[in-house]
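Trainee: Next come a sequence and a model predicted from it.
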Amino acid sequence: MNQDTIKSTFPVLFGYLPLGMAFGILFQDMGYPWYLATLMAIFVYAGAAQFMVIGLLTAGAGLTEIFIATFLLNSRHIFYGLSMLKKYGNWSFKKIYLAFGLTDETYSLVTTIEPPDKVKQKDYYFTITALNHAYWVAGCTLGAWTGTAIQINTKGMDFALTALFVVLLIEQWKKIKQPLPFVIAIISSFSALYLFVEQMLLLSIMLSITLLMVANFVKSR
């Protein structure tokens, strides 16, 4: 495993560990066994959706409502995946896992950082995806273990996600250096925040994607 590859995932490591621990603590506080937090991290692997599930379970939501809400929240990954189909190569076990593990943070890394010399592109992407997944599983597991032993005030821990996205935003700017996507993202975020406060994140993402697609279509004509 290339040392540079590991270093490139450090921003995600420092974001996923505290966030995963916060999820594990909150999930365990609901009375579920600690290992369910680990299983969810392994097989669901959706940070925002996992936190949303905690609120839905607390509110007594059924499986159908949880499924629909999770699908809508994670629908942005459809567009992520479509943009990576050719980059990830032919279908194989690695490509299936790469599609499963394509989180916001992983997408940001694989679209901005070039593979080191003598490292195959697909192996590089696979390693980054697996490391990020491992960080999330470790954080959720540690949080669940900690929650069984002591009471912790998790207030403010969610800021780690904001800090992580700031770091990834800077990396995206260094790579792209085109203002249009960032301007569209800012306008969409403030528009969604003003019009739909509770659904701000999901709507701003969908609005950004729509505007970018329209901009690319107009540009190509």
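Mentor: Happy to help now that I have it. Values in this document were obtained by computation on a predicted structure and should not be read as measured data. Numbering: from 1, shown residues only.

Trainee: what's the neighbour count on S83?
Mentor: 12 (other Cβ atoms under 10 Å). Any C-beta I mention is one placed from the backbone N, CA and C, and that applies to glycine too.

Trainee: after the helix or strand encompassing it, next one along is what?
Mentor: S83 belongs to helix 76-84 when elements are defined using DSSP states H and E. Moving toward the C-terminus from helix 76-84, the next helix or strand (DSSP H and E) is helix 93-100.

Trainee: Off-centre distance for that following helix?
Mentor: Mean-position distance between helix 93-100 and its chain equals 16 Å (Cα atoms, centre = their mean, to the nearest Å).

Trainee: and the angle for it with helix 76-84?
Mentor: On the basis of axes from the mean of the first three to the mean of the last three Cα atoms, to 10 degrees, helix 93-100 is oriented at 140 degrees to helix 76-84.

Trainee: quick check: mean pLDDT across helix 93-100?
Mentor: Across helix 93-100, the average pLDDT comes to 90.

Trainee: For the helix or strand following it, name the packing helices and strands.
Mentor: Toward the C-terminal end, the helix or strand that comes next after helix 93-100 (DSSP H and E) is helix 104-110. Secondary-structure packing of helix 104-110 (3 or more Cβ pairs under 8 Å, 6 or more residues apart in numbering; DSSP states H and E): helix 10-29, helix 76-84, helix 121-149, helix 159-176.

Trainee: tell me the most buried of those helices?
Mentor: helix 10-29 (a mean of 22; mean count of other Cβ atoms under 10 Å).

Trainee: Please work out how many residues are found near D104.
Mentor: 18.

Trainee: how much space between it and D4?
Mentor: D104 is 22 Å from D4, where distance means Cβ to Cβ, to the nearest Å.
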